[in-house]
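Chemist: Quick one: sequence plus predicted model below, questions after.
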Amino acid sequence: MLEKEKHLLIEKLKEDIPEEFKVAVMPHFCIDNLIQSGESCDSFVEKFRMIAVQGGGNLVMKQALNRGGKAANCASALSHLGISPYLIAKTDLPGYKLLEHFFEGTEVELSHVKRDGELAFTTAIELEGVNVMLSCPGSLCQFGPEYLTDRDEELIKESDIVCISDWGLNEKGTELASHVFSLVKKKGKGKTFFDPGDPSPRKEKEEEEVEKMKDMLRRGLVDILSVNENEVTRYGGIEFLRNVTKVDLHTEAYVKTFHLDKETEEIPAFSVEPERLTGAGDAWMAGDILGEAMGLDDRSRLMLANAVAAFYISDPAGRHPEAQDLINFLTNSSFRER
């Protein structure tokens, strides 16, 4: 059955991608310093400890400076897939210049990015099977409704999908999401997509902020909630979440959609050898949004999202796929055995 659906998805991708579909993503752009170690966590920590004990020194390993942030990464992936997204974010002038550099040659619209803020910066350490991110959120940590201009709000009302991510890093994340999603519901035309991320940065305020976020979900402001297994537990459990929104659950091994009394079967991940881990979820989110734009059923949409993420993490150059890349990938790929 899955092979048949994969073939049907390939045929769908051969048709025109809905280029006029308007997607607004916000609010996170940062610079990623990617450190690729590949060794075990224990080995890395021991080397780090030995350097510290001797009074300091160098650990020599491969590093690379990249575009980062869920919203910016998702915008990049959407652009390669044939949709021209709008990025709403805030950074400083050097950050904006780097943003222009990273998006050169793409169709990402950057005119809604403010340049009077603070650059966000993340150092991502990729170890064997896990990545650890050291984040300085910059302007993201205070990105509330007051950062939005009238022009931003017009874009939000006109968009077919409005996506907010990195709620966990934004101290005003609930206020932003509630304001933006209410605007969509009252005066807009599109769907709302929420990828809140890990709530751990909320620290001692986590329980209080999660309750506020759950109240927003109860009010019906979120059409699609993208979460992993840990986030499902932290945000009230699947039985609560499925009754207040459509839940797209993504795990390392499979993905699944829950909504009210309906749920898909588990769609397995594709069997690939990963070259990287950082940014996989952002690529998956772009595939999920593309599936919505194409009007795919839940199973095909989830399979498409898996394919976008699998291509990205296994591509030697770390490219986001174009439609033809996905067609080739799906033609030659196999599902991971469970």
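Modeler: Received, thanks.
Chemist: continuing past the least confident helix or strand in the chain by mean pLDDT, what's the next helix or strand?
Modeler: Among the helices and strands of the chain, strand 130-136 carries the lowest confidence by mean pLDDT, DSSP states H and E, at a mean of 84. On the C-terminal side of strand 130-136, the closest following helix or strand by DSSP states H and E is helix 150-158.
Chemist: Just after that following helix, pick out the following helix or strand.
Modeler: Scanning forward in sequence from helix 150-158 by DSSP H and E, the next helix or strand is strand 161-165.
Chemist: Could you check the very next helix or strand once past that next one and say which residues are buried?
Modeler: Next along the chain after strand 161-165, taking DSSP H and E as the criterion, comes helix 173-187. Across helix 173-187, burial judged by 16 or more other C-beta atoms under 10 Å covers Gly173, Thr174, Glu175, Leu176, Ala177, Ser178, His179, Val180, Phe181, Ser182, Leu183, Val184. For every residue, glycine as well, the C-beta is placed using N, CA and C.
Chemist: quick one: which of those residues is nearest to Glu211?
Modeler: Taking C-beta to C-beta as the measure, Glu211 lies nearest Thr174 of the buried residues of helix 173-187, at 9.6 Å.
Chemist: residues near Glu128, how many?
Modeler: The number of residues packed near Glu128 is 12, by other C-beta atoms under 10 Å.
Chemist: quick one: it and Cys41 touch, right?
Modeler: Yes. Contact criterion C-beta atoms under 8 Å: Glu128 and Cys41 qualify, at 7.1 Å.
Chemist: on that earlier part again, among the buried residues of helix 173-187, which one lies nearest to Glu20?
Modeler: Nearest to Glu20, judged by C-beta to C-beta, of these is Val184 at 18.3 Å.
Chemist: Where does the prediction get shaky in this structure?
Modeler: Low-confidence segments of the chain (pLDDT under 70): 338.
Chemist: Mind doing that once more with 80?
Modeler: Across the chain, residues meeting the criterion (pLDDT under 80) sit at 1, 16, 19, 277-278, 337-338.
Chemist: Ile327 touches Ile10, doesn't it?
Modeler: Yes. Contact status for Ile327 versus Ile10: in contact at 5.5 Å, counting by C-beta under 8 Å.
Chemist: From the centre of the chain, give me the residue that's furthest out.
Modeler: Computed with C-alpha atoms, centre = their mean, the residue of the chain farthest from its C-alpha average is Gln54, at 39.9 Å.
Chemist: how close does it get to Lys47?
Modeler: Applying C-beta to C-beta, to the nearest Å, the value for Gln54 to Lys47 is 11 Å.
Chemist: secondary structure class for the residue lying closest to Leu217 once chain neighbours are set aside?
Modeler: Once flanking residues are discounted, Leu217 sits nearest to Val244: 4.3 Å by C-beta to C-beta, 6 or more residues apart in numbering. The assignment at Val244 comes out as coil when based on DSSP: H, G, I helix; E, B strand; the rest coil.
Chemist: hang on, isn't Val244 packed against Met216?
Modeler: No. With contact defined as C-beta under 8 Å, Val244 does not reach Met216; the gap is 9.2 Å.
Chemist: what sits in contact with each of those two?
Modeler: Val222 (C-beta atoms under 8 Å, 6 or more residues apart in numbering).
Chemist: Can you give me the neighbour number for Ile125?
Modeler: 20.
Chemist: Tell me the helices and strands packed up against the helix or strand it falls within.
Modeler: Following DSSP H and E, the helix or strand that holds Ile125 is strand 121-127. Counting contacts by 3 or more C-beta pairs under 8 Å, 6 or more residues apart in numbering; DSSP states H and E, strand 121-127 packs against strand 30-36, helix 41-53, strand 130-136.
Chemist: How much space separates the spatially most central residue of the chain from Thr149?
Modeler: In the chain, the residue lying closest to the centroid (C-alpha atoms, centre = their mean) is Asp282, at 2.8 Å. From Asp282 over to Thr149 the distance is 25 Å, taken as C-beta to C-beta.
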